[in-house]
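Undergrad: sequence first, then the predicted structure, then my questions.
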Amino acid sequence: MAEVFDFLVVGDCEASLASAAIAAKSGARTGVIALETQRRTGRQSTSSVPNFLWRRLNLQDYGLLLEPVDARVTLLPDKKVIKTFSNTVATASEMAAAGNDDYQFWSSYKDEMVRLGAATIYPVLAGGNSSRNKNAAGFSGSPDSVASVLRLSGAAHDMLKDYFDNADFISHLGANILCPAGFGGGEPASALLLPEFANTHSQRVRSGKDSTSLARILKKICDENGVEFFSKKLSGVAAAGRKHCLVTFKGSDEIRTARLFFADPDRPSSLGINLGSMPLARKNAAQARVVLRLREKIEPPAGEENALFHIIDEFADLENARASADDGRFPDPLPVAFEFTNDGDIVVSVSYCPTYFKEAGEKRDWTGQDRQVLIQLVTERIAQRVEGITGNVKKTEMQITGLSPLNVAWEVSDAEWLIVQPSRHNVIGAAAEMTERLFANG
């Protein structure tokens, strides 16, 4: 007979672990399915941890120290560099010094985004009819302005052009706001990501040099509260009535659960779960993480050691990358994001990988050669804008999430037990808040 859980989380990223810890502390029997343990290098950044989560999990008692990642830097062609900072005044000053007249509008833009964010509904992606699915009640914000909600139902690119004229600056914002979700900027409702990016909880942080990592601390809290971890390979997910599902592992072990939760929207597609037309879901795009281990440390570009970097030529690169992934091919040029670890290595994120390739009208899965091609494309792209890369890479590593198996499809269109968080900048806080509200409501 299958064991029965109240809450089953797929994945072991920080957002997944935070949700599992909150569910367990609420008294729910909770499990975590670690599809593959997330390998992190050095002090990689995560989204910030909101105050309520610190208090709820008593994170201060575990010696957690988080440092803000202050700068966002985009490396454009012809050695042009665009910077923004978490501080509004610092960003306006940087823009003015660079001759960007849009600095006059930066403060009002940030204020407007905060206001829109407070009036915005962010839907949790859930199977079943949302009118009867109580799991789909996981929304953040309160709709106090219909006009605000309607504005954010449009395209991100159009909204950015309403505020700013400088094409390079719009490209910089687009890369930072849209790349993590694999969006091109022209999709309906992609504007929802703009106000969230302006939220303080969307600021990136990393563990201090003398601090245990956030993931390890959250794993310890889960262990202390009885969360059960499963590392076996999944072989199936099926409805067990309307309100429960049956999760089957390789070897015929089974788990029955009332709620199956994905904090990472890439995970469902990797299991053959099609989210269809659900808003802010990554469509036909996987995400790759490539680690470039260097022989010798190099100086980060633009003199910014504590920064997240993007490489893009123009905003159209995002739309082209989105279309390329849909069409089953690598984008050219390839938009990439990267950061330096405390060990001097470079961790690169590519959000526009195809979930499968198309050749002569036929779909095919990824091969080892495709992975090598992507590593080469990433290395060459970084070397175009960052000095000291060529000939300095001693080893590479790669992980891909969100690949869709071509011959697997699990029907979940009417499943009340499925909860999938959409693409979020404040992924940890949003997942924790949703879980807190879910179990507070019973």
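TA: Happy to help now that I have it.

Undergrad: which intervals of the stretch 151-300 of the chain have sub-threshold pLDDT?
TA: Using pLDDT under 70 as the threshold, the predicted model of the stretch 151-300 of the chain has low-confidence ranges 266, 269-284.

Undergrad: what segments of it are strands?
TA: Counting by DSSP state E, counting those that start in this stretch, one finds strands in the stretch 151-300 of the chain at the ranges 204-207, 228-230, 234-239, 245-249, 254-257, 260-262, 285-294.

Undergrad: for the longest one, packing partners?
TA: Just to be clear, that refers to strand 285-294. Using 3 or more Cβ pairs under 8 Å, 6 or more residues apart in numbering; DSSP states H and E, the elements in contact with strand 285-294 are helix 316-326, strand 346-354, helix 368-385, strand 393-401. Glycine gets a C-beta too; all of them are placed from N, C-alpha and C.

Undergrad: between the ones you listed, which gets nearest to Pro68?
TA: Distances from Pro68 to each of the helices and strands packed on strand 285-294 were compared using Cβ to Cβ; the minimum, 17.9 Å, belongs to strand 346-354.

Undergrad: pairing partners for that closest one, with directions?
TA: Looking at strand 346-354 with DSSP bridges, its paired strands and their directions are strand 285-294 (antiparallel), strand 336-340 (antiparallel).

Undergrad: circling back to that earlier point, and the strands of the stretch 151-300 of the chain: which comes nearest Cys13?
TA: Across the strands of the stretch 151-300 of the chain (criterion: Cβ to Cβ), the nearest stretch is strand 260-262, sitting at 10.3 Å.

Undergrad: return the distance of the closest one from the chain's centre.
TA: Counting by Cα atoms, centre = their mean, to the nearest Å, strand 260-262 is centred 15 Å from the centre of its parent chain.

Undergrad: which elements pack onto that strand?
TA: strand 7-10, strand 418-420.

Undergrad: and the contacts of it?
TA: Among residues not part of strand 260-262, those counted as contacts by Cβ atoms under 8 Å, 6 or more residues apart in numbering are 7-11, 16, 19, 237, 245, 247, 268, 417-421, 435.

Undergrad: re earlier: so for Gly328, which of the strands of the stretch 151-300 of the chain sits nearest?
TA: If you check each of the strands of the stretch 151-300 of the chain against Gly328 by Cβ to Cβ, strand 285-294 wins as the nearest, at 10.6 Å.

Undergrad: what's the angle between whichever helix or strand comes after the closest one and strand 336-340?
TA: Toward the C-terminus, strand 285-294 is succeeded by strand 307-311 as the next helix or strand (DSSP states H and E). Relative orientation of strand 307-311 and strand 336-340, computed by axes from the mean of the first three to the mean of the last three Cα atoms, to 10 degrees: 150 degrees.

Undergrad: pick the most buried one from the helices and strands packed on strand 260-262.
TA: Of all the helices and strands packed on strand 260-262, strand 7-10 carries the top mean neighbour count, a mean of 27, counting by mean count of other Cβ atoms under 10 Å.

Undergrad: buried set for stretch 387-400?
TA: Neighbour-count burial for stretch 387-400, counted by 16 or more other Cβ atoms under 10 Å, picks out 389, 392-393, 396, 400.

Undergrad: go ahead and name everything in contact with that stretch.
TA: When contacts are defined by Cβ under 8 Å, 6+ apart, stretch 387-400 is touched by residues 36, 38-39, 41, 286-296, 298-299, 301, 346, 353, 366, 371, 374-375, 379, 382-383.

Undergrad: please redo it, this time with the cut-off set to 6 Å
TA: Taking Cβ atoms under 6 Å, 6 or more residues apart in numbering as the criterion, the residues outside stretch 387-400 that touch it are 286, 288-296, 298, 371, 375, 379, 382-383.

Undergrad: now do the end-to-end distance for that stretch.
TA: The stretch stretch 387-400 measures 27 Å between its terminal residues, going by Cα to Cα, to the nearest Å.

Undergrad: quick check: mean pLDDT of that stretch?
TA: Across stretch 387-400, pLDDT averages out at 95.

Undergrad: mind checking how far Glu436 is from Arg56?
TA: Counting by Cβ to Cβ, to the nearest Å, the separation of Glu436 from Arg56 is 7 Å.

Undergrad: I figured Leu334 was touching Arg381, is that so?
TA: Yes. Assessed by Cβ atoms under 6 Å, Leu334 is found in contact with Arg381 at 5.1 Å.

Undergrad: sorry, back to before: show me which of the contacts of stretch 387-400 is closest to Ile170.
TA: For the contacts of stretch 387-400, the minimum distance to Ile170 (Cβ to Cβ) is 23.0 Å, reached by Ile382.

Undergrad: contacting residues around stretch 196-208?
TA: Taking contacts as Cβ under 6 Å, 6+ apart, the residues outside stretch 196-208 that touch it are 43, 45, 48, 50, 65-69, 86, 110, 113-114, 117, 177, 213-214, 425-426, 429.

Undergrad: can you rerun that using 8 Å?
TA: Under Cβ under 8 Å, 6+ apart, the answer for stretch 196-208 is 43-50, 64-69, 86, 110, 113-114, 117, 120, 122, 176-177, 213-214, 308, 424-426, 429.

Undergrad: just the C-alpha atoms of it, please, in CSV.
TA: Once side chains and other backbone atoms are set aside, the C-alpha atoms of stretch 196-208 remain, and they are given as CSV (Å, rounded to 0.1, in the frame of the first residue of the first chain):
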residue,chain,number,x,y,z
GLU,A,196,8.2,42.0,-9.2
PHE,A,197,11.8,42.7,-10.3
ALA,A,198,11.5,46.1,-8.5
ASN,A,199,10.4,44.4,-5.3
THR,A,200,13.1,44.3,-2.6
HIS,A,201,12.4,40.6,-2.0
SER,A,202,13.6,40.0,-5.6
GLN,A,203,17.1,41.3,-4.8
ARG,A,204,19.8,38.6,-5.1
VAL,A,205,21.8,37.5,-2.1
ARG,A,206,24.6,35.0,-1.4
SER,A,207,25.8,33.3,1.7
GLY,A,208,28.6,35.0,3.5
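
Undergrad: thank you, goodbye.
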